[in-house]
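**Q** with the input below, show me the fold.
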Amino acid sequence: MVSLFPWIAWNAAVSMWCYDLRNQLFADVFDDNRQEFVQFTNSKEITVETAWRWQFERMLQYFKS
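**A** Predicted coordinates for the structure are as follows:
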């Protein structure tokens, strides 16, 4: 069964950053052996769980680091 949690996070990013910025930052949200990840366009990855805990500003800082 596929979790809807990554797609909720994907869509929530639009309400925080708009489509353009979200699409510049996020390359993909994917599942790897039952763990869900956010992959950024700079090739960094974090788990969806971590992304949710960090919230959007901290994810943006992580992306820029």
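
**Q** and stretch 38-53, how far out from the chain middle?
**A** Computed by CA atoms, centre = their mean, to the nearest Å, the separation of stretch 38-53 from the middle of its chain amounts to 5 Å.

**Q** how long is that stretch from one end to the other?
**A** Start-to-end span of stretch 38-53 (CA to CA, to the nearest Å) is 13 Å.

**Q** need the three-state assignment for the spatially most central residue of the chain.
**A** Centroid-nearest residue in the chain, with CA atoms, centre = their mean: V38, separated by 4.0 Å. Three-state call for V38 (DSSP: H, G, I helix; E, B strand; the rest coil): strand.

**Q** these two touch, right, it and V48?
**A** Yes: at 5.9 Å, V38 counts as touching V48 under the criterion of CB atoms under 8 Å. (C-beta placed from N, C-alpha, C; glycine too.)

**Q** what's R34 sitting at in phi/psi?
**A** The phi and psi values for R34, taken as degrees, to the nearest 10, are phi 70, psi 10.

**Q** could you report the neighbour count for it?
**A** Close neighbours of R34, defined as other CB atoms under 10 Å, add up to 6.

**Q** please report how far it lies from Q24.
**A** To Q24, R34 is 29 Å away according to CB to CB, to the nearest Å.

**Q** again with S65
**A** On the measure of CB to CB, S65 and Q24 end up 16 Å apart.

**Q** neighbour count: those two, which is higher?
**A** Q24 (12 against 7).

**Q** could you list the low-confidence segments of this structure?
**A** Residues of the chain meeting the criterion pLDDT under 70: 1-10, 14, 16-17.

**Q** how about the helices in it?
**A** Assigned by DSSP state H, the helices in the chain fall at 5-25, 48-64.
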